[in-house]
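# Structure, please.
(2 chains)
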Amino acid sequence: MSSRILNWFKFSSPATFYPLAGKIQKAAALVAVVLLAVGLYMSFFVAPTDYKQGEGYRIIFIHVPAAWMSMFIYVVMAFWAAMGLVFGTRLSFMMARALAPTGALMTFIALWTGAFWGKPMWGAWWVWDARLTSELILFFLYIGYIALQGAIPDLRRGDRAGAILLLVGVVNIPIIYFSVKWWNTLHQGASVSITKGSSMSTIMLETMLLMTIAFWAYAIAVAMARVRLIILERERGTRWVQELPEVRGAWTK
Amino acid sequence: MDEVKAFFHMGGYALYVWGSFGVTALLMIAEPLTLAARRREMIRRLRRLARLEAEQSS
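Model prediction:
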């Protein structure tokens, strides 16, 4: 048991994690590219026209995965924030920082595609509905976190302050998720539910799940790329960074 | 040709479908490209730093 714990903590050292992150990044990028290609093909050429929403419904193939990722990434960031505060592992805070811009991007995509779906279907780009408003708050949480990190030059203090913001903001996630149940929203209820199964046709559901895995792989790839940058930035004075093949050698990667 | 036209027309939802997919594609291409550029810049900086240190110690 104790050796297992040691093994895990080994990877919490930036020097050991840096090359591993590179490998994860490459694998995730490959998965993302392949699945996005297949997913986009299915979104446009395999999934049938919806009997009610025509071709306009195809927006959900990016809207739903982006919305799921926007919440999921936040939860993962809050997890790393908690790990960082409890164990004092620097890498945990770096992971939280690395995920933030991608989380903000996913939230923006969810809001943007939602507006482009809402206009033809509801007749409005935006309504102050509980689902939409709580998602907008999530976007502000991401922006607030990023701004806070930028505003505190002391890394340790910035890490801790950011982590506390993340943990307080996590209360918003169940609000977003259950908003369509708790309030009488214009936003439709869940199309996919663990308890009730799916209200969509199989091929539409498969396309959406495929796109979700693709977005997931994308998020992992870019987060790994960003955490590697953060590691290099923070550890630039150390021996192991100076001895990295990409820093020493002739080959650029 | 008509098929291609019909595809881009999206049953009248062209603005909304392409407005969604277009902006999403743009962002999800821009993010990795920006990161790759930042990495190149970072490696250049680290190399300069390593060279400087090597010169000082010699």
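# Let me see the confidence value for the most centrally placed residue in chain B.
The C-alpha lying nearest the average C-alpha coordinate of chain B belongs to B:Ala30 (Cα atoms, centre = their mean; 2.5 Å). Here the pLDDT value assigned to B:Ala30 is 98.
# What strand or helix carries it?
helix B:14-57 (DSSP states H and E).
# Strands of the stretch 51-200 of chain A, start to end?
Counting by DSSP state E, counting those that start in this stretch, the segments of the stretch 51-200 of chain A that form strands are A:192-193, A:197-198.
# Need the pLDDT of the closest residue to A:Arg131 other than its chain neighbours.
If the residues on either side of it in the chain are set aside, A:Arg131 comes closest to A:His187, at 3.8 Å by Cβ to Cβ, 6 or more residues apart in numbering or on different chains. Bear in mind the C-beta positions are built from the backbone N, C-alpha and C, glycine included. pLDDT for A:His187: 85.
# A:His187 against A:Val180, yeah?
Yes: counting by Cβ atoms under 8 Å, A:His187 touches A:Val180, with 5.6 Å between them.
# For chain B, see how far away the closest residue to A:Ala115 other than its chain neighbours is.
The spatial neighbour of A:Ala115 that comes closest, neighbours along the chain excluded (Cβ to Cβ, 6+ apart), is A:Trp125 at 4.5 Å. According to Cβ to the nearest Cβ, to the nearest Å, A:Trp125 and chain B sit 10 Å apart.
# next one: A:Gly114
Going from A:Gly114 to chain B by Cβ to the nearest Cβ gives 9 Å.
# swap in A:Arg226?
With Cβ to the nearest Cβ as the criterion, A:Arg226 and chain B are 6 Å apart.
# so what's A:Thr212 closest to, chain neighbours aside?
Using Cβ to Cβ, 6+ apart, the closest residue to A:Thr212 is A:Pro65 (4.1 Å).
# Tally up the residues packed near that neighbour, please.
Applying other Cβ atoms under 10 Å in any protein chain shown, we find 26 residues neighbouring A:Pro65.
# Need the pLDDT of residue 44.
If you meant another chain, say so; for now it's chain A. 93.
# think we crossed wires, I meant chain B
So B:Arg44 comes in at 94 (pLDDT).
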